[in-house]
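[1] give the three-dimensional model of this entry:
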Amino acid sequence: MSTRFNWLSITALHRWGVKGSLSILDQGLYSGANFVLSILLARWLSVDHYGIFALMLALFQFALQIQNGVLLEPMSILGPARHQESINQYIANQIVLNFVVLVSICTFFSLGLLSLVEAGWGAESIRTQALFTLLFPILSLPWLVRRVFYIKNRPEISMFSSLLYSSVLLTGTLVLYTSNLLSIRTAVVVMGLAAFSTGLFVFPFRAMQHGIRQYNFKLFDLLKENWVYGKWAIATGLLVTIATQFQLFTAVGLLGTTAAGALRASQNLIQPMSISVTSIMSFALPSLSRDYGLNIMGGFEKKRKLITGLLLCMTLTYMLLMVLFRFEVMLFIYGQKYVDYSDLLLVWMFVPVIMALNSGIGTALRARQHPELLLLVSIVWAIFSLITSIIFTTKWGIWGATISTMLGYLIAYLATLIAYNRLEKN
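    Modelled structure (predicted):
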C-alpha cells in the first residue's frame, strides 16, 4: 500500500481513534462544564437574570473572536504548515504575543462598557459586563492552553487542563448555590478561578521561556505573519458571531431579557452536538494542514469525507432522540420553567446536522489557507441573519429568532459548498 494511504492502516486508525477520543473528551469536559453551568444558572437564576448572563456571554464571544483571529487560528494553521521544525519555540513566542493582544482587547471592552453606560443599560448588565472585561485575560486562557496542546498533538494534556477547569467550575458553582451566594457576578468569578487554574497548573512556563531564548522570533514579525492570515479570520469570526448571536440581541431589544433567557435555554440543548463537532474538527485541523502542506491531497480528501460522514450519523441520531422526547428532556433539565418552549427544539435540532454537513468543507477551506472564501461565506451569513432576525422576531417572536438562526446555518452551508466546489474546479 502506498505511503499516502497510510492513514487507512490499523496503526494510524488506532492512533487517530485514541487521540480523537481524547480530543472529544477534552472538548466535552471544557465545553460540557460550561454547558452544565448554563443549565444550572437557567434553573437557579430568574429568567430575566439568566437573559442578562446570556447577553454578556454573547458579547464575550465577540472578544474571543479577535483573540482567535489574531493568534489561535493563524497559530493552528501556519504553525504546523510553516514552522513544524521549530514548533515549540514558535508556540512560545505566540504565547507572549497573546498577552499583548489581550491588553488591546480589554481596552476595546472598556470602550464598549462606556457605550453601555451612555445607552442607559441597567445596572446589573453594566456590572456584569465590567466584571467580564476585568477577567477576560483569565477567562480566555483555556482557549490558548488547549489550542497549544492540539498543535503539539498532545490532547491528553489538554484533557487534563479541561478536567481541572470543569472540577473547579462546577464545584465552585455548587458551593455558591448551597451557600445562597449564587448570582450572575459570582458565577463569572468562579469561571475566572476555573480558567486561572488551567494556566497555573498545566501550562509549561519554563519551557515557554526556554523557547523564547532559543528561537528569538521578533514579535512584530510574528504579528505581521499572523495578520496576513488572521485578518480574514478576525473578520470571519466577528461576522459569524453576529450571524449566530444577533438573534439574542434582537430578542432583548424587541421582546426583553426574559425572552432572551428562554431563547438561550432552548438553544443550550444543541450544545452537546455542537461541542462534539467542534472538538473533532479542532483536532483534525492540524492534521489536514500538514497533509496540505506536504501535498498529500488523496489522504486530505479521504479524511475530510470520513469525518463528515461520522459527524452526520452522530448528529442525525441525536436529532431524532431529542425531537421524540423534547418535552421530557426540557422538563428533566429545567423543570417547569421552560417546558412551554419545548417545541422550539423541532427547529433547533436541525442546527447540529447542518454543522456536521458543513464541518468537513469548512475545515478543508481553513486547512488549504483560503480564508477569503470563508469571509465571503460569513458576509452572506451575517447579512441574512441580520435581516431575518429583525423581520422574523418582529413577526413571530421567539419562534422567529429561532428560525432565523437555523436558516442562517443552512445558508452558510450552501455558500461554503459553492465556494469549495468552485475551488476544486479551479
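[2] got the contact list for Ala382?
    Leu239, Val240, Ile242, Ala243, Phe246 (CB atoms under 8 Å, 6 or more residues apart in numbering). The way it works is simple: take the backbone N, C-alpha and C, and place the C-beta from them, glycine included.
[3] sec struct for the spatially closest residue to the second one that is not a sequence neighbour, please.
    What that stands for is Val240. Sequence neighbours aside, Ser378 is the residue nearest to Val240 in space, at 5.0 Å (criterion: CB to CB, 6 or more residues apart in numbering). Of the three states, Ser378 takes helix according to DSSP: H, G, I helix; E, B strand; the rest coil.
[4] my read: Ser378 touches Ala235, true?
    Yes. At 7.3 Å, Ser378 and Ala235 qualify as touching, with contact defined as CB atoms under 8 Å.
[5] show me which of the two is the more surrounded one.
    A direct count of neighbours by other CB atoms under 10 Å for Ser378 and Ala235 places Ser378 higher, at 24 against 18.
[6] for that one, give its distance to Ser46.
    Distance of Ser378 to Ser46, given as CB to CB, to the nearest Å: 35 Å.
[7] what's the answer for Leu238, then?
    Distance from Leu238 to Ser46, by CB to CB: 31 Å.
[8] higher neighbour count, those two?
    Leu238 (19 against 12).
[9] output the lowest mean pLDDT helix or strand found in the protein.
    The least trusted helix or strand in the chain, going by mean pLDDT, DSSP states H and E, turns out to be helix 205-215, with a mean of 50.
[10] next secondary structure after that one?
    Using DSSP states H and E, the next helix or strand after helix 205-215 towards the C-terminus is helix 219-255.
[11] helices or strands up against that following helix?
    helix 47-67, helix 73-82, helix 87-118, helix 257-267, helix 371-396, helix 398-425 (3 or more CB pairs under 8 Å, 6 or more residues apart in numbering; DSSP states H and E).
[12] isn't Asn98 up against Gln67?
    Yes. Counting by CB under 8 Å, Gln67 is a contact partner of Asn98 at 7.3 Å.
[13] now do the shared contacts for the two.
    Leu144.
[14] any regions of the protein where pLDDT drops low?
    1-21, 23, 84-85, 109-125, 201-217, 282-283, 285-300, 366-369, 371, 426 (pLDDT under 70).
[15] just want the most central residue of it.
    The chain has Thr278 as the residue nearest its centroid, 7.2 Å off, counting by CA atoms, centre = their mean.
[16] residues contacting that one?
    Gln27, Ser31.
[17] out of the contacts of Ala382, which are buried?
    Buried by 16 or more other CB atoms under 10 Å: Leu239, Val240, Ile242, Ala243, Phe246, out of these.
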